[in-house]
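>>> structure for the following, please:
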Amino acid sequence: MQQSQSQSSKLLSDFYAISIISSTMLGVGLLTLPSSITNQTNNADGWIVLIMDGLLFIGIVLFLVWMVKYFTISCMFDFTQEVTGKLIGNIFNFAIVVYFTSVASFEVRAMAEMIHFYLLETMPIELIILSFILTGVYLITGGINSIGKVMALCFPVTVIILLILYLLSIGMVDLKNLQPVLADGFSPLLAAFTTVSVSFLGIETIVFLPKHMKNKNHLRKVSIIGFSIPLLLYIITYVLVVGALSVPEVKTTVWPTIEFVQTHEVKGIFFERLELFLLIVWLLQFFLTFVMYFFLAVSGFKKIFKNRSTTNIIFLVPVLFMSSLAPKTASDVSHFSTVLGWAFLVTFLVIPLFFSMLMKIKKVVFK
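Okay, here's the model as predicted:
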């Protein structure tokens with residue numbers, strides 16, 4: 001009885017699960033999204049792109065939740081083996097682990113680029129990356145419950161600080177910078193599809209959380225709330241940033257959200273450089289997004305090779321370090337994000353659809 005209660009205490013509450021989904025989504029996307037979308041659309045219609053893609057991805061979220069409930073999936077790594085057998089399932093699992101490792105290396109590199117640009121210009125970027133990877137190792141050893149606790153603590157603080165900064169800077173917004181609406185039609189909106197999908201990285205945690213949740217029946221509610229909060233923040237951020245800086249300026253800015261907050265100084269209060277607050281909380285968000293993908297990669301290797309998490313962590317540390325240094329320039333990092341956008345759609349839309357069809361056929365044939 002005591003053992004059962006101990007195991008239950010290690011499972012995630014609904015709030016922890018919501019915090020994990022939202023925090024995993026809120027990585028590099030919010031800081032770069034206005035620039036990346038505007039460069040694709042070449043106008044101020046990015047908020048329409050976000051709404052359209054948001055509705056589409058809510059559909060993907062609902063599909064993933066349906067798949068989890070219909071096939072009683074506790075974890076995607078188990079489901080692949082159940083559908084195709086252990087050997088082929090592990091091949092798919094290895095591909096998923098490669099994807100997780102790639103996203104983790106991208107997040108830690110983007111985080112290091114931001115720190116190097118705004119905070120520690122003279123520190124070698126390699127040292128910044130290694131420091132955060134090793135710090136991530138410490139958190140991962142505590143398991144998903146420890147990660148959930150940290151995310152549940154940091155996520156509300158992040159949202160509150162972000163909204164306060166936006167309220168203080170809202171006076172700079174000129175809605176004329178968002179007009180005219182649909183001046184170039186719908187074709188530019190379609191061009192920004194994969195650009196936006198990168199910012200929705202994180203919803204794939206839905207198919208890995210059930211085995212860690214206290215109440216699996218709340219997965220739909222948890223998933224919708226966990227996805228909707230970042231989506232709303234993305235739309236608000238885009239409207240404010242483009243409304244304040246204008247399309248031409250946003251297109252030429254690497255970190256437009258930081259520039260938006262940075263351009264407004266509040267005189268007469270103790271803190272005048274408001275962007276420092278944004279940098280601090282988003283440093284945590286970068287780190288937590290990286291940690292979650294690192295943890296999922298470790299879990300995947302543990303499932304494939306049936307070994308200890310420690311062994312997988314030791315193996316992945318140098319892999320993450322080297323792969324994060326593979327992009328040589330900021331342009332390479334941006335291109336890497338586009339590739340991840342496509343990889344995300346294939347890994348967690350095409351493959352789950354394919355596996356659901358196979359499982360349906362398997363149930364019909366062998367029932």
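>>> and the biggest helix by length in the chain, what does it pack onto?
In the chain, assigned by DSSP state H, the helix with the most residues is helix 86-118. Here helix 86-118 touches helix 76-84, helix 125-140, helix 275-305, helix 309-324, helix 330-345, going by 3 or more C-beta pairs under 8 Å, 6 or more residues apart in numbering; DSSP states H and E. C-betas here are computed from N, CA, C, even on glycine.
>>> mind listing what's buried in the last one?
Buried positions in helix 330-345, judged by neighbour count with 16 or more other C-beta atoms under 10 Å: 333, 334, 336, 337, 340, 341, 343, 344, 345.
>>> what of the shortest one?
Neighbour counts over helix 76-84 (16+ other C-beta under 10 Å) mark 76, 77, 79, 80, 81, 83, 84 as buried.
>>> what comes into contact with it?
Judged by C-beta atoms under 8 Å, 6 or more residues apart in numbering, the contacts made with helix 76-84 from elsewhere in the structure are 71, 73, 89-90, 92-93, 96, 207-208, 299-300, 303-304, 352, 355, 358-359, 362.
>>> swap the cut-off to 6 Å and go again
For helix 76-84, the surrounding residues in contact (C-beta atoms under 6 Å, 6 or more residues apart in numbering) are 73, 89, 92, 93, 207, 208, 300, 303, 355, 358, 359.
>>> same question, the fourth one
Residues lying outside helix 309-324 but in contact with it, judged by C-beta under 6 Å, 6+ apart, are 104, 105, 108, 109, 129, 133, 137, 297, 298, 301, 302.
>>> which ChimeraX command selects the buried ones in those?
In ChimeraX syntax, the buried subset of the contacts of helix 309-324 is picked out as below (16+ other C-beta under 10 Å):
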select :104,105,108,109,129,133,137,297,298,301,302
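>>> redo the contacts of helix 309-324 as TSV? Include distance to residue 241 and pLDDT.
TSV is the format used below for the contacts of helix 309-324 (distance: C-beta to C-beta, whole Å; pLDDT from 0 to 100):
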residue	distance to residue 241	pLDDT
104	27	94
105	27	94
108	24	92
109	23	91
129	27	93
133	30	94
137	34	94
297	32	95
298	35	96
301	39	94
302	41	93
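>>> pLDDT below threshold where in the stretch 51-200 of the chain?
Within the stretch 51-200 of the chain, the segments meeting pLDDT under 70 span 194.
>>> now do the contacts for residue 296.
Taking C-beta under 6 Å, 6+ apart as the criterion, residue 296 is in contact with residue 100.
>>> confidence score at it?
Among the per-residue scores, residue 296 holds a pLDDT of 95.
>>> from residue 187, how far out is it?
Spatial separation of residue 296 from residue 187 under the definition C-beta to C-beta, to the nearest Å is 36 Å.
>>> kindly report the same for residue 113.
As it turns out, when the distance is counted by C-beta to C-beta, residue 113 lies 31 Å from residue 187.
>>> looking at these two, which one has more neighbours?
Taking residue 113 and residue 187 together and counting by other C-beta atoms under 10 Å, residue 113 has the greater number of neighbours (20 against 8).
>>> residue 212 and residue 12 touch, don't they?
Yes - counting by C-beta atoms under 6 Å, residue 212 touches residue 12, with 5.1 Å between them.
>>> that older thread, among the buried residues of helix 330-345, find the lowest-pLDDT one for me.
When those are compared, residue 334 shows the smallest pLDDT, 77.
>>> and the host helix or strand of residue 20, average pLDDT?
Residue 20 is part of helix 14-25, with elements assigned from DSSP states H and E. With pLDDT averaged residue by residue, helix 14-25 scores 94.
>>> give me the contacts around that helix.
The set of residues that contact helix 14-25 without belonging to it, under C-beta under 6 Å, 6+ apart, is 148, 151-152, 155, 202, 205, 209, 213, 218, 222, 225-226, 229-230, 288-289, 292.
>>> which of the residues you listed are buried?
Buried subset of the contacts of helix 14-25 (neighbour count, 16+ other C-beta under 10 Å): 148, 151-152, 155, 202, 205, 209, 213, 222, 225-226, 229-230, 288-289, 292.
>>> just those residues: which has the poorest pLDDT?
residue 202 (88).
>>> from residue 167, how far out is that residue?
Between residue 202 and residue 167 the distance, using C-beta to C-beta, works out to 26 Å.
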